[in-house]
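A.B. asks: below is the structure, and that's it, no one-letter string:
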């Protein structure tokens, strides 16, 4: 397949773009990560979210350890084509490594970050 | 007010964090931008989204030109506290400079980026 669409993505100086994963049904923002060209290409090819781990400096097939893969139903880009939005079905209903549904569980309230959202599964059980 | 919560945000090497704006009612992801410490502080203080424009290298009170401000109903941070999620009410129902509701109007389809989402207002009318 032509890679014209990949060339049309505006990669940053490190060859990356920010990527937002959103639950396709509930609209909940699940997580934020980065992608390089290969990650985005593999995401389309496999139908599962593949990111670039900046800390580990390697491709990261989301769920490869936890089993919490993300089935990608739609890939979007923003007006400048320098940010990617994935609409996903979250396997296991858990996107966060803390065992919560979404990574965005800190809510600013009364001048501090309050933890919200229940832990659905003990991380010790997720990463055995 | 104590700035402990600001110190708990994990700013990147440029003093920035990614920020996602989501429609508080529909759950639609409207846009993606960056914030520095002052932007986030002002967002809380004013109740309207303030970002850091990397291209113009200055604070950007969203809507200052277009009138399409964002009333911030909730401020969230992710598990690592290095990404911010704003739940907003989008004034005028238009977040994108192209006159669309959301910036994420490119959908990957048939091997190319297809434009979706109607243009609600001509940008020439927005930026006079």
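C.D. replies: Great, that's in hand. In this text the structure is predicted, and so the values were computed from the model without any measurement.
A.B. asks: buried residues in stretch A:110-122?
C.D. replies: With burial defined by 16 or more other C-beta atoms under 10 Å in any protein chain shown, the residues of stretch A:110-122 counted as buried are A:113, A:117. (C-beta placed from N, C-alpha, C; glycine too.)
A.B. asks: what's the end-to-end length of it?
C.D. replies: End-to-end distance of stretch A:110-122: 28 Å, with C-alpha to C-alpha, to the nearest Å as the criterion.
A.B. asks: and stretch A:117-128, by the same measure?
C.D. replies: Its start and end residues considered, stretch A:117-128 measures 23 Å (C-alpha to C-alpha).
A.B. asks: residue with max distance from the center of chain A?
C.D. replies: residue A:110 (29.2 Å; C-alpha atoms, centre = their mean).
A.B. asks: pLDDT value on that one, please?
C.D. replies: Per-residue confidence (pLDDT) for residue A:110: 92.
A.B. asks: same deal with residue A:1?
C.D. replies: pLDDT, the model's per-residue confidence, is 52 for residue A:1.
A.B. asks: okay, now residue A:52: neighbour count?
C.D. replies: Residue A:52: 22 surrounding residues under other C-beta atoms under 10 Å in any protein chain shown.
A.B. asks: please identify the helix or strand for the residue in chain A that chain B sits nearest to.
C.D. replies: Scanning chain A for the residue nearest chain B gives residue A:27, at 2.6 Å (criterion: C-beta to the nearest C-beta). Assigned by DSSP states H and E, residue A:27 belongs to neither a helix nor a strand.
A.B. asks: and the spatially most central residue of chain A, what are its bridge partners?
C.D. replies: Nearest to the mean C-alpha position of chain A, counting by C-alpha atoms, centre = their mean, stands residue A:21 at 4.3 Å. Per DSSP bridges, the residues bridged to residue A:21 are residue A:31, residue A:86.
A.B. asks: that one and residue A:49 touch, don't they?
C.D. replies: Yes. Because the distance of 6.2 Å satisfies C-beta atoms under 8 Å, residue A:21 is recorded as touching residue A:49.
A.B. asks: hey, what's in contact with both of the two?
C.D. replies: When contacts are counted by C-beta atoms under 8 Å, 6 or more residues apart in numbering or on different chains, residue A:21 and residue A:49 have A:62, A:70, A:86, A:88 as shared neighbours.
A.B. asks: would you state the strands of chain A in chain order?
C.D. replies: A:16-23, A:29-36, A:50-53, A:58-61, A:70-77, A:84-90, A:106-109, A:112-115 (DSSP state E).
A.B. asks: which residues does the fourth one contact?
C.D. replies: Think strand A:58-61. Residues outside strand A:58-61 that contact it (C-beta under 8 Å, 6+ apart): A:33, A:36, A:38-39, A:42, A:46, A:48-53, A:69.
A.B. asks: how about the residues of chain A by chain B?
C.D. replies: Residues of chain A found near chain B, taking C-beta under 8 Å from any C-beta of the partner chain as the criterion, are A:1-2, A:4-5, A:8, A:18, A:20, A:22, A:26-29, A:31-32, A:44, A:74-81, A:83, A:85, A:96-98, A:100, A:103-108, A:111-113.
A.B. asks: filter these down to the buried ones.
C.D. replies: Looking at the residues of chain A next to chain B with 16+ other C-beta under 10 Å, the buried ones turn out to be A:5, A:18, A:20, A:22, A:28-29, A:31-32, A:75-79, A:81, A:83, A:85, A:96-98, A:100, A:103-108, A:113.
A.B. asks: what's the neighbour count on residue A:24?
C.D. replies: Taking other C-beta under 10 Å as the neighbour definition, residue A:24 ends up with a count of 17.
A.B. asks: report pLDDT for it.
C.D. replies: Per the predicted model, pLDDT is 98 at residue A:24.
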